[in-house]
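Peer 1: sequence and predicted structure below; questions after.
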Amino acid sequence: MAATIKDVAKLANTSKSTVSRYLNGQRVKKQTEEALKKAIKQLNYHPNMNARRLVMDRTQVLGIVVDDIANRFYSGILKGIRIVAERHGYDCVFYTWSTHREKETDFLNLLYEELADGLIFLSFRKRSAAHVKAMAEMMDPIVLIGDDADVEEICSVDVDNYSGVRELVHYLHRIGHRDFAYISGPRNAGATEQRANGFFDALSENGLQVNRNWVVGSDWSNEGGYKAMKKLIKSGGFSAVVASNDESALGAIGAAHEEGYRIPKDFSIVGFDDIPLSKWFYPSLTTVKQPFTEIGMKAAEVLFEQIDDKKDEPGKRHLLNPRLVIRNSCLRMS
């Protein structure tokens with residue numbers, strides 16, 4: 001027969017209520033805690049989660065909705081969510097659009113049907129204001145990661161895309177650069193506009209003008225950055241290239257090498273994200289590092305504040321700072 005709370009209490013020489021408090025995450029004396037851990041391990045005790053959920057009137061489940069479960073950028077974020085969920089004794093159930101639904105709002109029924117206590121929606125795509133408003137109107141625990149479509153009534157978490165690119169421009173300006181090219185991102189990405197605004201505003205803050213011939217779009221792939229750099233080289237006249245993600249930055253370096261230029265002697269190139277390859281590419285890429293795990297942890301923390309009725313401020317947007325990582329793809333101008 002499976003061990004019960006009564007068995008654990010007897011072996012640990014304590015009461016059933018103390019065992020229950022410990023299993024629910026409440027504090028007990030250090031000596032008692034050690035005895036309970038030993039008893040639980042010895043008896044191979046597993047809590048009856050269904051009974052626990054009935055008592056607490058909660059599912060003890062978080063629903064995590066992602067647009068593409070294969071997106072490698074999401075692994076750190078999902079890790080952060082799991083860390084916080086486990087601290088609260090919660091399980092995570094993951095859903096992806098590619099299964100059988102077309103948009104995020106199709107998953108709101110998970111709350112209607114009480115299959116989860118709260119939902120985190122994770123997507124780097126640009127969101128529809130109408131869809132975000134529909135989520136906000138639920139008045140249930142919901143947190144967005146990524147774009148919030150400027151809807152004030154919903155909580156969201158993201159990296160500070162604007163400040164990240166702005167910091168890159170200021171760094172390049174400090175080491176002597178005055179002529180800047182920019183490789184922008186795809187229109188359907190939530191961060192594209194924010195990063196572009198960071199670039200334009202940083203130029204203005206340093207008394208520099210935007211040369212529209214030096215602003216080229218990309219799809220954030222290596223090939224997209226390669227093609228963008230080929231266009232920029234035809235224009236010429238710039239000394240620094242700010243690529244709005246690492247993939248396009250690495251593609252740009254490849255295009256420059258192919259055209260006979262040397263990085264950073266002929267062009268300084270920076271990216272955004274700090275993907276693993278950026279450290280090992282030649283030359284290693286100066287970039288800004290996204291705090292992916294911290295983003296996931298913050299989103300889960302904000303969600304649990306709502307679940308526990310310690311409501312976050314309506315529409316509060318939490319922006320986490322990226323960190324400048326200086327490597328070998330930039331040259332100080334004499």
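Peer 2: Thanks, I have it.
Peer 1: quick one: low-confidence parts of the stretch 51-200 of the chain?
Peer 2: In the predicted model of the stretch 51-200 of the chain, residues 51-58, 98-102 satisfy pLDDT under 70.
Peer 1: mind listing the helices for it?
Peer 2: Shown for the stretch 51-200 of the chain, the helices assigned by DSSP state H, counting those that start in this stretch span residues 74-87, 109-112, 129-136, 161-174, 192-205.
Peer 1: now these in CSV, with mean neighbour count?
Peer 2: Any C-beta I mention is one placed from the backbone N, CA and C, and that applies to glycine too. Shown next, in CSV, are those (neighbours: other CB atoms under 10 Å):
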stretch, mean neighbour count
helix 74-87, 19
helix 109-112, 14
helix 129-136, 17
helix 161-174, 21
helix 192-205, 19
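Peer 1: and those: which comes nearest residue 248?
Peer 2: Closest approach to residue 248 among the helices of the stretch 51-200 of the chain is made by helix 192-205 (11.3 Å; CB to CB).
Peer 1: just checking, what packs against that closest one?
Peer 2: Packing contacts for helix 192-205, counted by 3 or more CB pairs under 8 Å, 6 or more residues apart in numbering; DSSP states H and E, involve helix 161-174, strand 180-183.
Peer 1: ok, and what's touching it?
Peer 2: Identification of contacts with helix 192-205 by CB atoms under 8 Å, 6 or more residues apart in numbering yields 126, 161-166, 168-170, 173, 180, 182, 184-186, 209-210, 242, 244, 272.
Peer 1: tell me which residues in the one helix or strand residue 228 maps to are buried?
Peer 2: For residue 228, the host element (DSSP states H and E) is helix 222-235. With burial defined by 16 or more other CB atoms under 10 Å, the residues of helix 222-235 counted as buried are 222, 224, 225, 226, 227, 228, 229, 230, 231, 232, 233.
Peer 1: that helix - contacts with which helices or strands?
Peer 2: Secondary structure elements in contact with helix 222-235, counted by 3+ CB pairs under 8 Å, 6+ apart, are strand 180-183, strand 215-216, strand 240-243, helix 246-258.
Peer 1: what about 7 Å?
Peer 2: strand 180-183, strand 215-216, helix 246-258 (3 or more CB pairs under 7 Å, 6 or more residues apart in numbering; DSSP states H and E).
Peer 1: dump the ones you listed to a markdown table, plus distance to residue 294.
Peer 2: Formatted as a markdown table, the helices and strands packed on helix 222-235 follow (distance: least, CB to CB, whole Å):
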| stretch | distance to residue 294 |
| --- | --- |
| strand 180-183 | 26 |
| strand 215-216 | 31 |
| helix 246-258 | 19 |
